[in-house]
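*Asks:* Below: sequence and its predicted model.
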Amino acid sequence: GVEVDLLHPCESPYNFFTWAEQVADFTRDIIVPSSKSSSNSKSNDDSSKVTIVANSIGTITAFQSILDNPSLYNGAFIVNPNFRELHSAEVPFSNVAMPVIRKVQSLLRSKGQGLFDALAKPATVKQILMEPYAVAEAVDDVLVDVLLTPLLTPGASDVVFDTLSYSAGPLPEQQLREEGFPKNDVPVWVCYGSSDPWTPPARVESLGDIDCVERVIKLDGVGHCPHDEAPELVNPLLLEFMERI
């Protein structure tokens, strides 16, 4: 297997391990009743566990949160997992390519504010979204506003550039195969849009070879965000998964 570097090359706090902690904290403090949510609780009552649902890059945060806090969750429902094309383990000829990529990432991080400001516009965001969305009607003003508003808050560009510079950290197959993943207690279902240009179908289907992944479901005619593009396809699957749990 390929050696995977887990450390953020910029030593940034914006990484999957920090994000996984935030998800676990939110789960314990907000979702699960406080009387059952303490990590020190001796209760293993399934009613206190949470089903985690993730899309795209959030998949890796979800899996990491499960690895770090296996007693919190009873299942993971994944929509179009992300395989992190800029990860050092994914880039061809990484010994040559990665120094160049990291130089570009460093320049973006230090001098990219002007570019960020130019791109953080409604029309530009809408145009970018038209690539991964196969259902164009789903790219409306509400979606653009939901995504753009956080990008306009102070410090947002730092988060974006640090995330783009994150060419290390875990990969989904690695996480699912880790010894600590509770494969007998946290089943995984994966669905994906067949028209997603960012998610290679063969690689998604290969997740079905991993023990904890019970089902991989292809959804025709939708792209990277099927839950938004065609909720009538995704919601019944999610309800079925929760009934299975």
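*Replies:* Received the coordinates, thanks.

*Asks:* Now do the same for L107: helix, strand or coil?
*Replies:* Secondary structure, DSSP: H, G, I helix; E, B strand; the rest coil: L107 is helix.

*Asks:* Check what pLDDT it gets.
*Replies:* Here the pLDDT value assigned to L107 is 78.

*Asks:* Could you pull up the contacting residues of it?
*Replies:* The contact partners of L107, by Cβ atoms under 8 Å, 6 or more residues apart in numbering, come to none. The way it works is simple: take the backbone N, C-alpha and C, and place the C-beta from them, glycine included.

*Asks:* Leaving out chain neighbours, which residue sits closest to Q175?
*Replies:* Nearest residue to Q175, sequence neighbours excluded (Cβ to Cβ, 6 or more residues apart in numbering): F63, at 4.0 Å.

*Asks:* which stretch of helix or strand covers the one you found?
*Replies:* Secondary structure assignment for F63, by DSSP states H and E: helix 58-68.

*Asks:* got it, and Y192?
*Replies:* Using DSSP H and E, Y192 falls in strand 188-193.

*Asks:* Need the contact partners of that strand.
*Replies:* So strand 188-193 is contacted by 75-81, 134, 176, 199, 201, 204, 207-208, 212-219, 221-226, 229, 234, 237, 241 (Cβ under 8 Å, 6+ apart).

*Asks:* how far away is M242 from T124?
*Replies:* Distance of M242 to T124, given as Cβ to Cβ, to the nearest Å: 37 Å.

*Asks:* Let me know whether my guess that P99 is in a helix holds.
*Replies:* Yes. According to three-state DSSP, P99 belongs to a helix.

*Asks:* ok, it to S167 distance?
*Replies:* Relative to S167, P99 is positioned 11 Å away (Cβ to Cβ).

*Asks:* if you count what's nearby, which of the two comes out ahead?
*Replies:* S167 (22 against 9; other Cβ atoms under 10 Å).

*Asks:* any idea whether that one is helix, strand or coil?
*Replies:* At S167 the chain is in coil, as set by three-state DSSP.

*Asks:* Would you agree it is in contact with V104?
*Replies:* No. Look at S167 against V104 with Cβ atoms under 8 Å: they stay out of range, at 10.5 Å.

*Asks:* ok, then the element right after the lowest-mean-pLDDT helix or strand in the chain?
*Replies:* When the helices and strands of the chain are compared on mean pLDDT, DSSP states H and E, helix 34-37 comes out lowest with a mean of 46. Next along the chain after helix 34-37, taking DSSP H and E as the criterion, comes strand 50-56.

*Asks:* all strands of the chain, in order?
*Replies:* With strands called from DSSP state E, the chain shows them at 50-56, 73-81, 188-193, 213-219.

*Asks:* so which of the ones you listed is the most packed in?
*Replies:* Each of these was assessed for mean neighbour count using mean count of other Cβ atoms under 10 Å. The highest is strand 188-193, with a mean of 25.

*Asks:* Paired strands for it, with orientation please.
*Replies:* If you go by DSSP bridges, strand 188-193 pairs up with strand 73-81 (parallel), strand 213-219 (parallel).

*Asks:* could those strands be laid out in a markdown table, adding mean pLDDT and distance to V190?
*Replies:* What follows is the strands paired with strand 188-193, written out as a markdown table (pLDDT from 0 to 100; distance: least, Cβ to Cβ, whole Å):
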| stretch | mean pLDDT | distance to V190 |
| --- | --- | --- |
| strand 73-81 | 97 | 5 |
| strand 213-219 | 98 | 5 |
